[in-house]
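**Student:** how would this look folded up:
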Amino acid sequence: MLFPEEEPAPLRADWHDSYSQSCSRCRILDALFPLVFRKNKHDGRLPSGFLHHETDLSNPDSPAATLTSTSPPLTLRLALPTDAPALLRIFTDSLNTEHDASTAGLNTPPAIENLISRWRNLTTPLTRLNFVVVAAGGEVVGVGGTGCIYTREGDGKRVADVGVMINPEARRKGYAGASLRMTTDYLLRVLKLDEVTVEMRAANVGMRALMEEKCSEFRSREREDLKFGDEISYRVGRDEWISSSKV
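**Tutor:** Predicted structure coming up:
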């Protein structure tokens, strides 16, 4: 999910308040790309060098989390106030939000400014870690990360719901898939969460096709959701991801 709230590892993050009831309704229409890295304190690269990360969440006034991929050239980072125009463009494009009712209200500059402030207000334990998706050249082409990190009742596992939303003109370049896999790998390998989920409306055929074809590490299940519509939920545990993902 890109927006909800709950709790997680040492940081904090969110999307939109209405997301606390659901996790991740987004469009992912691009091909997925594998990634990897080696963690070294707050600055590291995983196994193949595909992904590099710099993480420092120790200062709540200036948190930093940046993931960089080389194939495709892509950066995921925390949002800045200067990203407001790009985010307003993303959330007012009906092709981005048609499967995501929880983005309602993100259509004015004040709403976006408030959103960025919440995204940067990271908590301990971490409850969200939302990113802007930045293409080569510095253009913000979408949003990703997780808006819902929580401790699951029953088994006490730390779970994050992940999502991604890419502008129509930036699709079919691998950005959505890479963003999803970068976030998943980072959450499971670096932040040591136990499980990652990706949820979408059952009507989101493009997202479902992508997950079925490109995310074989994830297991799927259907569920009813009277608020947002029936959903498909995909999930993968840390051990499964590390042992079976192409990273």
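
**Student:** just the CA coordinates of stretch 177-196, formatted as CSV?
**Tutor:** Output of stretch 177-196 as CSV, limited to C-alpha atoms (Å, rounded to 0.1, in the frame of the first residue of the first chain):
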residue,chain,number,x,y,z
GLY,A,177,8.4,-3.0,-11.6
ALA,A,178,11.8,-1.7,-10.5
SER,A,179,10.3,0.5,-7.8
LEU,A,180,8.2,-2.4,-6.4
ARG,A,181,11.2,-4.8,-6.3
MET,A,182,13.6,-2.2,-4.9
THR,A,183,11.2,-1.4,-2.1
THR,A,184,10.5,-5.0,-1.3
ASP,A,185,14.2,-5.9,-1.2
TYR,A,186,15.0,-2.9,0.9
LEU,A,187,12.3,-3.6,3.4
LEU,A,188,13.1,-7.3,3.8
ARG,A,189,16.9,-7.3,3.5
VAL,A,190,17.9,-3.9,5.0
LEU,A,191,15.1,-3.1,7.4
LYS,A,192,14.6,-6.8,8.2
LEU,A,193,10.8,-6.8,8.1
ASP,A,194,9.2,-10.2,8.0
GLU,A,195,6.8,-9.9,5.1
VAL,A,196,5.8,-7.6,2.2
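
**Student:** Sort out which residues of that stretch are buried, please.
**Tutor:** The neighbour-count check on stretch 177-196 (16 or more other C-beta atoms under 10 Å) flags 177-191, 193-196 as buried. Glycine gets a C-beta too; all of them are placed from N, C-alpha and C.

**Student:** in which helix or strand would I find the residue most central in space within the chain?
**Tutor:** Closest residue to the average C-alpha location of the chain: residue 145 at 2.0 Å, with C-alpha atoms, centre = their mean. Per DSSP states H and E: residue 145 is located in strand 140-151.

**Student:** Next, the buried residues of that strand.
**Tutor:** Neighbour-count burial for strand 140-151 flags 140-150 (criterion: 16+ other C-beta under 10 Å).

**Student:** So in that sheet, which strands flank that strand, and in what orientation?
**Tutor:** Here strand 140-151 is paired, per DSSP bridges, with strand 129-135 (antiparallel), strand 158-166 (antiparallel).

**Student:** mind checking how far stretch 95-108 is from the chain centre?
**Tutor:** Its chain's C-alpha centre and that of stretch 95-108 lie 16 Å apart, by C-alpha atoms, centre = their mean, to the nearest Å.

**Student:** what does stretch 112-129 give?
**Tutor:** When distances are taken as C-alpha atoms, centre = their mean, stretch 112-129 is centred 13 Å away from the chain's centroid.

**Student:** Check which residues of it are buried.
**Tutor:** So, applying 16+ other C-beta under 10 Å, buried residues of stretch 112-129: 112, 115-116, 118-120, 122-123, 126-129.

**Student:** which one in those residues is the model shakiest on?
**Tutor:** Minimum pLDDT across these is recorded for residue 123, with 90.

**Student:** my read is that residue is in a helix, agree?
**Tutor:** No - read with DSSP: H, G, I helix; E, B strand; the rest coil, residue 123 is coil and lies in no helix.

**Student:** That one and residue 222: what is the separation?
**Tutor:** Plainly put, residue 123 is 32 Å away from residue 222 if you go by C-beta to C-beta, to the nearest Å.

**Student:** quick one, phi/psi of the closest residue to residue 95 other than its chain neighbours?
**Tutor:** Closest residue to residue 95 apart from its sequence neighbours, by C-beta to C-beta, 6 or more residues apart in numbering: residue 168 at 4.8 Å. With angles defined as degrees, to the nearest 10, residue 168 sits at phi -50, psi -40.

**Student:** did I read that right, residue 153 in a strand?
**Tutor:** No - read with three-state DSSP, residue 153 is coil and lies in no strand.

**Student:** partner residues bridging residue 135?
**Tutor:** Residues in beta-bridge contact with residue 135 (DSSP bridges): residue 74.
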